[in-house]
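Q: Based on what follows, work out the 3D shape:
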Amino acid sequence: MSSPAEPQSPTADRPAGDAALNDAALDEAGEPQAAEPQEGAQESQWAAERAKLEDRWRRALADLDNLRKRYARELERERDSERSKVAGAWLPVVDDLERAIAHAGDQSEAVVAGVRAILDQAVQVLERLGYARDTEAGIPFDPQRHEVVGVVERSDSAPGTVLEVVRPGYGQGARQLRPASVVVSRGRE
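A: The predicted model follows:
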């Protein structure tokens, strides 16, 4: 044992089983300290796990946002499809009204005026649904807007010019309910 004059080390009164602890692992009060390398490793493990969870959370939010956008696009596409079906159902009515007016001849003006008013109303309904009437002649042929039903050789117009609209089209740009049936100029060869 040590003599009373010698200062005792803090490890002197520790049991032999604690010999694995070194003096550096004791704080000023002689209490064992937590091993910092293990603590730092555990913190970095938690940080990595948190980063993984945050990444999964952000991906889930992005997936949800993409799902909402896709649903909105599909809903708009379905609305457009349904609008086309409803508007398309009006086309034979409009065509029949136009034929009735054309063949009315010298019939009662009141009947012709009534049918003309119904036709105007039907065309307005189509316009409100987004399908404006297309009866423009004298313009270049556009395959998105026109369907050729006849070709006429004319020297006074450029080749491919719409000369006559046989049946009006309905729609605008790429959204065509029905292309206009037209007669175009071939030009003189």
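Q: Tell me how far the spatially most central residue of the chain lies from residue 131.
A: In the chain, the centroid-proximal residue (Cα atoms, centre = their mean) is residue 73; its distance is 4.1 Å. From residue 73 across to residue 131, the span is 21 Å (Cβ to Cβ, to the nearest Å). Where C-beta positions appear, they are placed from N, C-alpha and C, glycine not excepted.
Q: And the helix or strand of the chain with the lowest mean pLDDT, what does it pack against?
A: The helix or strand of the chain with the lowest confidence, counting by mean pLDDT, DSSP states H and E, is helix 109-128 at a mean of 83. Counting contacts by 3 or more Cβ pairs under 8 Å, 6 or more residues apart in numbering; DSSP states H and E, helix 109-128 packs against helix 36-104, strand 133-134.
Q: who touches the helix or strand just after the shortest one?
A: In the C-terminal direction, the helix or strand that comes right after strand 133-134 (DSSP states H and E) is strand 146-152. Under the criterion Cβ atoms under 8 Å, 6 or more residues apart in numbering, residues 141, 162-164, 166-167, 169, 179-186 lie in contact with strand 146-152.
Q: do the same with stretch 171-186
A: So stretch 171-186 is in contact with 80, 84, 87-88, 91, 126, 130-132, 134-135, 137, 141, 144-154, 157-170, going by Cβ under 8 Å, 6+ apart.
Q: Kindly recompute the last result at 6 Å.
A: With Cβ atoms under 6 Å, 6 or more residues apart in numbering as the test, stretch 171-186 has contacts from 87-88, 131-132, 134, 141, 145-154, 157, 159-170.
Q: from these, which would you call buried?
A: 87, 131, 134, 141, 145-146, 154, 157, 160-163, 165, 168-170 (16 or more other Cβ atoms under 10 Å).
Q: now the helices and strands packed on helix 109-128 in CSV, with mean pLDDT and distance to residue 117?
A: Below are these laid out as CSV (pLDDT from 0 to 100; distance: least, Cβ to Cβ, whole Å):
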stretch, mean pLDDT, distance to residue 117
helix 36-104, 89, 10
strand 133-134, 92, 16
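Q: Distance to residue 122 for those - can I get that in a markdown table?
A: Shown next, in a markdown table, are the helices and strands packed on helix 109-128 (distance: least, Cβ to Cβ, whole Å):
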| stretch | distance to residue 122 |
| --- | --- |
| helix 36-104 | 5 |
| strand 133-134 | 10 |
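Q: Can you tell me which of these is nearest to residue 113?
A: helix 36-104 (9.8 Å; Cβ to Cβ).
Q: ok so, going back, just list the residues touching the residue nearest to the centre of the chain, thanks.
A: Counted by Cβ under 6 Å, 6+ apart, residue 73 has zero contacts.
Q: Find the pair from the buried ones among the contacts of stretch 171-186 with maximum spatial separation.
A: 87 and 154 (33.7 Å).
Q: Domains in the chain, by residue range?
A: 44-130, 132-188 (the TED database).
Q: what's the most buried one of those?
A: Among those, domain 132-188 has the highest mean neighbour count (mean count of other Cβ atoms under 10 Å), at a mean of 16.
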